[in-house]
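Novice: Sequence and predicted structure are below.
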Amino acid sequence: MTESARFAGKVAIVTGGSRGLGAATVRALAAEGADVAFSYRKETKAAREVVTSVEHFGRRALAIPSNVADASETESFVQQARAKLGRIDIVVANAGIGGPEGWEALTPAAWKSVLDTNLVGAYELFRAARPLLAPSGATVVFVASIGGMVALPEYLPYSASKAGVIAMTRSLALAVAPKVRVNAVAPGWVRTDMNAAEYGSETVREEIRSRIPRGRWGEPDDIAAAVVFLASDLARFVTGETLVVDGGGRHRWTAGSY
Amino acid sequence: MFDLSDRVVLVTGSSRGIGRAIALELARAGSDVVVHHRENPTAAESVRAEVVALGRDARVVAGDVASPVAVAAFVRKAGEWKGRLDGVVTAAGIYRGDPSDSVAPAEFDLVVRTDLEGTFSTVQAALPFLRRSVRPAIVTVSSVMGSHPGAGAAAYQAAKAGVEQMTRAWALEFAPRIRVNSVAPGFIRTDMNRGGHQDPEFHAAVAKATPLGRWGEPGDVATVVRYLLSLEADWVTGAVLGVDGGIALR
């Protein structure tokens, strides 16, 4: 059946849009009719490809090099997006970092790097965008992780930063209601560029797959669809929630895995 | 996105309220619908007619979800209609808000049998028909009170908490093929709680307590169910999503 585009006439901004979950999210938002501005770090070629695919949907795209760990760059990203695309309806804080770092000897610098990007960076995007949001129907989606819900000692800063994002989602949802809805999506193990090296071995990938009840790794499109849902009118009475999209994977820690 | 063309979905308790809104939303998304009611054939027939008017196929089944025997019979009818079920939504439920001092054993039993065991029996009876689907999914209907306590209605809250945990347990048990998720509505304007929203004072108090500033409408829950049943939610299982306007945040 045909339906008019969900986000016709709307503008979305997405951090970390050149690859992985971010790129899939940019494409999905554009497929639903949104013009999209996204930030990226270094992947100019990948960013150009994402721009092309947005334009393929007949939408406007804006790729801006910007580091979310730097508040002034985030401010500039948001201002440029608003100036060039005219409005902001949907904010997706996606950019994130974090590999295995252990828990025994983390340096303050290691903590700072992950928290500055994943938690403070997400907040700075929200702070910069809020005064510019469309007067009605604006929504924010934070990309958290089931890493923020389960025990991951090898990923301590990452895990703590994502738990912080989930807590921040609740607080900011309450703070800006009823004008703006704020939600999070918490992905499980999704195949992305970010973790390609880390889960490079087939044995490791299979070991993880075997623990995911749904029987497969996640794809970036699974997460992008959840972001589209939360940003859309379908979720009009949903705020402060964290939607877990993990194939049931976080429940592997329970008795169900034995 | 979020298209449900060519699905066959059973929605229990769909003669009115949240269930009715779900039946109509699924039909708008392209699904054929089995409308279920306990004792309201006129309302169920009118939902059936609305689904048909939306261009989809519909049939009506009846029975009390508190009776496993009745459930087995109406679910079989629902499944045999098209030979399979692609989705089951367990929206049938009752609410009793009495203080614990005055809850007779029969009342406790009725709430738990309807809300908790009724969900169990419905899904149990539907399994053979869900297994014939290429993309089967179950959505249970919990309540914000299944995880956030309120004073009074202890039996109801216990039953809904049970529904949530059963949802998570089923997500593992029925994996990898059948997805199982839950929606947890907040205060929704339905017949079931019309005593609440028709009282102007209580109506205003709930709207004020809800961060989004209003009561929920049945359709607000229905669109979330639509997502959870869709192919776009193919990697979502064992999730419970609040649809409560943020009321649990305070």
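Specialist: Good, I have the coordinates.
Novice: contacting residues for the residue nearest the centre of chain A?
Specialist: Chain A has A:Asn94 as the residue nearest its centroid, 2.7 Å off, counting by Cα atoms, centre = their mean. If a contact means Cβ atoms under 8 Å, 6 or more residues apart in numbering or on different chains, then A:Asn94 has A:14-17, A:21-22, A:25, A:143 as its contacts. Where C-beta positions appear, they are placed from N, C-alpha and C, glycine not excepted.
Novice: which of those residues tops the neighbour count?
Specialist: Taking other Cβ atoms under 10 Å in any protein chain shown as the neighbour criterion, A:Gly17 ranks highest of these with 34 neighbours.
Novice: Ramachandran coordinates for that residue?
Specialist: phi -90, psi 0 (degrees, to the nearest 10).
Novice: Retrieve the pLDDT associated with the residue lying closest to it once chain neighbours are set aside.
Specialist: Residue nearest to A:Gly17 in three dimensions, not counting chain neighbours: A:Phe38, with 2.6 Å by Cβ to Cβ, 6 or more residues apart in numbering or on different chains. pLDDT recorded at A:Phe38 is 98.
Novice: residues in contact with A:Phe38?
Specialist: A:13-18, A:22, A:26, A:47, A:50, A:61-64.
Novice: B:Glu107 touches B:Pro99, doesn't it?
Specialist: No. Look at B:Glu107 against B:Pro99 with Cβ atoms under 8 Å: they stay out of range, at 11.4 Å.
Novice: if we take the contacts of A:Phe38, which one ends up nearest to chain B?
Specialist: A:Val26 (15.0 Å; Cβ to the nearest Cβ).
Novice: Just say helix, strand or coil for the closest one.
Specialist: Under DSSP: H, G, I helix; E, B strand; the rest coil, A:Val26 falls in the helix class.
Novice: buried ones in the longest helix belonging to chain A?
Specialist: Ranked by residue count and defined by DSSP state H, the top helix of chain A is helix A:156-176. By 16 or more other Cβ atoms under 10 Å in any protein chain shown, the buried positions in helix A:156-176 come out as A:156-166, A:168-170, A:172-173, A:176.
Novice: Could you report the pLDDT at residue 154?
Specialist: Since no chain was named, I'll use chain A. For A:Glu154, pLDDT reads 93.
Novice: Let me rephrase: I mean chain B.
Specialist: Value for B:Ala154, per-residue pLDDT: 96.
Novice: what's the burial count for it?
Specialist: 19.
Novice: quick one, phi/psi of the nearest residue to it once chain neighbours are set aside?
Specialist: Among residues not flanking B:Ala154 along the chain, B:Ser100 sits closest, at 5.4 Å (Cβ to Cβ, 6+ apart). Per-residue torsions, B:Ser100: phi -60, psi -30 (degrees, to the nearest 10).
Novice: next one: B:Ile138
Specialist: phi -120, psi 140.
Novice: Ok, the one 10 residues further on next?
Specialist: Here is the backbone geometry of B:His148 (degrees, to the nearest 10): phi -120, psi 110.
Novice: Next, the closest residue to it other than its chain neighbours: secondary structure please.
Specialist: Nearest residue to B:His148, sequence neighbours excluded (Cβ to Cβ, 6+ apart): B:Ala248, at 4.5 Å. Assigned by three-state DSSP, the conformation of B:Ala248 is helix.
Novice: Neighbours of B:Ala248, how many?
Specialist: 18.
Novice: tell me the contacts of it?
Specialist: A:240, B:144, B:147-148, B:186, B:242.
Novice: hmm, try it at 7 Å
Specialist: B:144, B:148, B:242 (Cβ atoms under 7 Å, 6 or more residues apart in numbering or on different chains).
Novice: pLDDT score assigned to it?
Specialist: 93.
Novice: Can you pull up the most central residue in chain B?
Specialist: Central residue of chain B (Cα atoms, centre = their mean): B:Ala91, at 2.1 Å.
Novice: just checking, it touches B:Ser14?
Specialist: Yes. At 6.2 Å, B:Ala91 counts as touching B:Ser14 under the criterion of Cβ atoms under 7 Å.
Novice: Can you dump the C-alpha atoms of the longest helix seen in chain B in PDB for me?
Specialist: If you go by DSSP H, chain B has its longest helix at helix B:154-173. Taking Å, rounded to 0.1, in the frame of the first residue of the first chain, the C-alpha atoms of helix B:154-173 are listed here in PDB:
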ATOM      1  CA  ALA B 154      -2.200  -4.600  43.400                       C
ATOM      2  CA  ALA B 155      -3.600  -7.700  41.600                       C
ATOM      3  CA  TYR B 156      -3.700  -5.800  38.300                       C
ATOM      4  CA  GLN B 157      -0.200  -4.600  38.700                       C
ATOM      5  CA  ALA B 158       1.100  -8.100  39.600                       C
ATOM      6  CA  ALA B 159      -0.700  -9.600  36.600                       C
ATOM      7  CA  LYS B 160       0.800  -7.000  34.200                       C
ATOM      8  CA  ALA B 161       4.300  -7.400  35.600                       C
ATOM      9  CA  GLY B 162       3.700 -11.100  34.900                       C
ATOM     10  CA  VAL B 163       2.800 -10.300  31.300                       C
ATOM     11  CA  GLU B 164       6.000  -8.400  30.900                       C
ATOM     12  CA  GLN B 165       8.200 -11.100  32.300                       C
ATOM     13  CA  MET B 166       6.300 -13.800  30.300                       C
ATOM     14  CA  THR B 167       7.000 -11.700  27.200                       C
ATOM     15  CA  ARG B 168      10.800 -11.700  27.900                       C
ATOM     16  CA  ALA B 169      10.700 -15.500  28.700                       C
ATOM     17  CA  TRP B 170       8.800 -16.200  25.500                       C
ATOM     18  CA  ALA B 171      11.200 -14.200  23.500                       C
ATOM     19  CA  LEU B 172      13.900 -16.700  24.500                       C
ATOM     20  CA  GLU B 173      11.600 -19.800  24.400                       C
END
